[in-house]
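A.B. asks: take this sequence and fold it.
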Amino acid sequence: MKNKQAAKSRRSLTKKLLAFLIPACIGLIFLAWIVVPMGMAVLWSLVNPDYPWSYPQMFPSNLSLYHWDHVFRYTDILGAIKNSLIVAAMTTIGCSVLALPTAYAIGRRKLIGGEAFKIAMLLPMAMPGMAMAIFLGRLFAQWGLSNSYTGVAMAHILCTMPLMLRILTVSFESVPQDIVDAASNLGASPWARFKEVYVPMIIPGLIAGCIFTFIGSMEEFNLSFIIGAPAIQTVPTILYSYLGYNFLRTNASVVTLVMMVPNIIVLMVTERFIKTEYLGAALGKM
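C.D. replies: Numbering: from 1, shown residues only. Okay, here's the model as predicted:
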């Protein structure tokens, strides 16, 4: 009896330790991965140029908005934000329109070589970004697409399409076939089946794909620089101008924080609207 109680006590203690250690480890990872880098960026952006921050100082001795004023005064950061948002929106819409029918065909149709195509469609992600940018830059220049929103958006679509396509393919594959068969038996047309069965179930995947596409476009530098510059200047092109030979950590921190704002807003808005009722509404049709 005592041995059973001791074993039960040890199991209870183990559960309590795990309940504490797992959240603590996740918190430490979050702190090291997100909080510390963001905190460092904020501090570097506020360093007063008259009081440099260097080792062994733990924190800047004097704070100032000088670098924020410098970036907004002497760079077209607001125009770059506008360009980045326009290109990211065009890229997300273009990816969605092109990926939906393609993902449906791959995920729901028995295509010859379908499994090989699933692997092949991810290969562009393995290609060096600058190599792709140089090739496309030459091609787009011949087509008259350089230095235009259309050209930059088309290039971004090519580099973000694989992830969107893979996410939507898995979403279509996850739709239970018996629900589709039931809709067919009830006389639903192909369009009605797509609208009433597939769409509600793939919405979470579509939104996830749109998030990755939008953020990927906002952060893309190689294609934006080679194809869009100097007419279409985005936030990453301004950021990388401070990361060259004359490395300016303070100004780069300002631009980095500015670039993060749209991404954070997108994530917060998406989190506000992508709730479990999407999946619940879909499963409610079963």
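A.B. asks: switch to C-alpha atoms for all contacts and neighbour counts from now on
C.D. replies: Fine.
A.B. asks: at which residues are the helices of the stretch 151-286 of the chain located?
C.D. replies: Per DSSP state H, counting those that start in this stretch, the stretch 151-286 of the chain carries helices over the ranges 177-185, 190-193, 199-219, 222-223, 235-241, 249-273, 276-283.
A.B. asks: check contacts around residue 202.
C.D. replies: With contacts defined as Cα atoms under 8 Å, 6 or more residues apart in numbering, the neighbours of residue 202 are 168, 171-172.
A.B. asks: that older thread, comparing the helices of the stretch 151-286 of the chain, which comes out most buried?
C.D. replies: Per residue and on average, the most neighbours among the helices of the stretch 151-286 of the chain fall to helix 222-223, with a mean of 23 (mean count of other Cα atoms under 10 Å).
A.B. asks: quick one: contacts of that one?
C.D. replies: Helix 222-223 is touched from outside by 129-130, 132-133, 137, 152, 155-156, with contacts defined as Cα under 8 Å, 6+ apart.
A.B. asks: do that again at 7 Å, thanks
C.D. replies: With contact meaning Cα atoms under 7 Å, 6 or more residues apart in numbering, helix 222-223 is reached by 129-130, 133, 152, 155.
A.B. asks: same deal with stretch 102-115?
C.D. replies: Under the contact criterion Cα under 7 Å, 6+ apart, stretch 102-115 has outside partners 165, 168-170, 172-173.
A.B. asks: out of those residues, which is most surrounded?
C.D. replies: Taking other Cα atoms under 10 Å to define a neighbour, the member of the contacts of stretch 102-115 with the most is residue 168, carrying 28 neighbours.
A.B. asks: in this structure that one contacts residue 207, no?
C.D. replies: No - with contact defined as Cα atoms under 7 Å, residue 168 does not reach residue 207; the gap is 9.7 Å.
A.B. asks: output stretch 193-213 as PDB, restricted to C-alpha atoms.
C.D. replies: What follows is stretch 193-213 as a C-alpha-only set of coordinates in PDB (Å, rounded to 0.1, in the frame of the first residue of the first chain):
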ATOM      1  CA  ARG A 193     -19.500  21.500 -54.100                       C
ATOM      2  CA  PHE A 194     -16.500  23.800 -54.400                       C
ATOM      3  CA  LYS A 195     -18.300  26.700 -52.800                       C
ATOM      4  CA  GLU A 196     -20.200  24.900 -50.100                       C
ATOM      5  CA  VAL A 197     -17.800  22.000 -49.200                       C
ATOM      6  CA  TYR A 198     -14.300  22.900 -50.200                       C
ATOM      7  CA  VAL A 199     -14.100  26.600 -49.500                       C
ATOM      8  CA  PRO A 200     -15.300  26.500 -45.800                       C
ATOM      9  CA  MET A 201     -12.800  23.800 -45.100                       C
ATOM     10  CA  ILE A 202      -9.800  25.400 -46.800                       C
ATOM     11  CA  ILE A 203     -10.300  28.900 -45.400                       C
ATOM     12  CA  PRO A 204      -7.800  28.400 -42.500                       C
ATOM     13  CA  GLY A 205      -5.200  27.100 -45.000                       C
ATOM     14  CA  LEU A 206      -5.900  29.900 -47.400                       C
ATOM     15  CA  ILE A 207      -5.500  32.500 -44.700                       C
ATOM     16  CA  ALA A 208      -2.300  30.900 -43.500                       C
ATOM     17  CA  GLY A 209      -0.900  30.900 -47.000                       C
ATOM     18  CA  CYS A 210      -1.900  34.500 -47.500                       C
ATOM     19  CA  ILE A 211      -0.100  35.500 -44.200                       C
ATOM     20  CA  PHE A 212       3.100  33.700 -45.300                       C
ATOM     21  CA  THR A 213       2.900  35.200 -48.800                       C
END
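A.B. asks: alright, that wraps it up for me.
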